[in-house]
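Asks: Sharing a sequence plus its predicted fold:
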Amino acid sequence: MIKRLTWFVGGAVAGVAGASMAKKKAKTVVVEYAPAQVAHRTADRVRDAFAEGRRAAKAKEAELRARLDGRVHNLADELDEGDAVMVDGVPVEPGQVIVLKQVRDTKANQPGRRRKHA
């Protein structure tokens, strides 16, 4: 009889704990997907998208103005017919994107340290 009572109490406790966890999770989901919250998140995304679009447009405009003024040169403009560009001894195909890694001096970028200006 004690064995049955133990299993019954254990099951009841597990059921109550599971039900309370499910209730808490359901409340969280209801608040998260409330129309006001969804609208707020959507407005934030749209605002961020417009800001990113403006930044990209300004950057592109600055690039085009620099090209127009002759301040920016394209590598393709400097190459003659039959010339090749080599990066680490490997020829670069036309249209290939080259990513250069920037290495920073860790001592110079530590907080509290001043840089020496020449």
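Replies: Great, that's in hand.
Asks: Please pull out the lowest mean pLDDT helix or strand from this protein.
Replies: In the chain, the helix or strand scored least confidently by mean pLDDT, DSSP states H and E is helix 75-78, which has a mean of 75.
Asks: Okay, buried residues for that helix please.
Replies: By neighbour count on 16 or more other C-beta atoms under 10 Å, the buried set for helix 75-78 is empty. C-beta coordinates here come from the backbone N, C-alpha and C atoms, glycine included.
Asks: Any chance you could list what contacts that helix?
Replies: The contact list for helix 75-78 (C-beta atoms under 8 Å, 6 or more residues apart in numbering) reads 85, 94.
Asks: Export only the CA atoms of it, formatted as PDB.
Replies: Output of helix 75-78 as PDB, limited to C-alpha atoms (Å, rounded to 0.1, in the frame of the first residue of the first chain):
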ATOM      1  CA  LEU A  75      42.900  47.800 -60.200                       C
ATOM      2  CA  ALA A  76      41.400  46.800 -63.500                       C
ATOM      3  CA  ASP A  77      42.100  50.300 -64.900                       C
ATOM      4  CA  GLU A  78      45.800  49.800 -64.100                       C
END
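Asks: strand partners of the helix or strand following it, parallel vs antiparallel please.
Replies: Per DSSP states H and E, the first helix or strand lying C-terminal to helix 75-78 is strand 86-87. Paired with strand 86-87 in the same sheet, following DSSP bridges, are strand 90-91 (antiparallel).
Asks: Do me a favour and average the pLDDT over the strand it pairs with.
Replies: Averaged over strand 90-91, pLDDT sits at 84.
Asks: gap between that strand and the chain center?
Replies: 31 Å (C-alpha atoms, centre = their mean, to the nearest Å).
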